[in-house]
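# I'd like to go over a predicted model; first the sequence, then the structure.
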Amino acid sequence: QVQLVESGGGYVQAGGSLRLSCAASGGTISSYGMGWFRQAPGKEREFVAAISRSGISVYYGDSVKGRFTISRSNAKNTVYLQMNSLKTEDTAVYYCAADPWGSVGTAQSEYGYWGQGTQVTVSS
């Protein structure tokens, strides 16, 4: 069973950047679609980005398009989320998720494995 551990969260001023990492263990993610979701206080968890097994296909939520970039290194069993031009509304706990069926979706129900999350706080 795959375990996912996020890292790279923290505090940053609006306009700044952070790079999140999601390291997998207990299995290889090369055959998994991978995604990032986030949950802000008092809000439902929302889709942020997803990437196909090969890394060729990527998808983004409307609120992060043009600012965030998802990528992966199957050799390192790691997925990344580069976040630029951060806004206060990006403040949330960010979760990494793996889709063992290999599809790339925006719905939480498509992902079978989840990390514990990493906090991102953007100050004004």
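That came through fine.
# where does this protein dip in pLDDT?
Residues of the chain meeting the criterion pLDDT under 70: none.
# find the residue at the geometric middle of it.
residue 36 (2.4 Å; Cα atoms, centre = their mean).
# report the contact partners of it.
By Cβ atoms under 8 Å, 6 or more residues apart in numbering, residue 36 lies in contact with 20, 22, 48, 49, 50, 70, 79, 81, 94, 95, 96, 97. In short, each C-beta sits where N, CA and C put it, glycine included.
# distance of it from residue 97?
Shown here: residue 36 relative to residue 97, a distance of 7 Å by Cβ to Cβ, to the nearest Å.
# do residue 114 as well
5 Å.
# any common contacting residues for those two?
In contact with both residue 114 and residue 97: residue 4, using Cβ under 8 Å, 6+ apart.
# if we can go back for a sec, which of the contacts of residue 36 sits closest to residue 124?
Using Cβ to Cβ, residue 94 comes nearest to residue 124 of the contacts of residue 36, at 19.2 Å.
# quick check: the closest one is in a strand.
Yes. Secondary structure of residue 94 (DSSP: H, G, I helix; E, B strand; the rest coil): part of a strand.
# that one and residue 10 touch, don't they?
No. Between residue 94 and residue 10 there is no contact under Cβ atoms under 8 Å: 11.0 Å.
# more neighbours, the two?
Per other Cβ atoms under 10 Å, whichever of residue 94 and residue 10 has more neighbours is residue 94, with 23 against 11.
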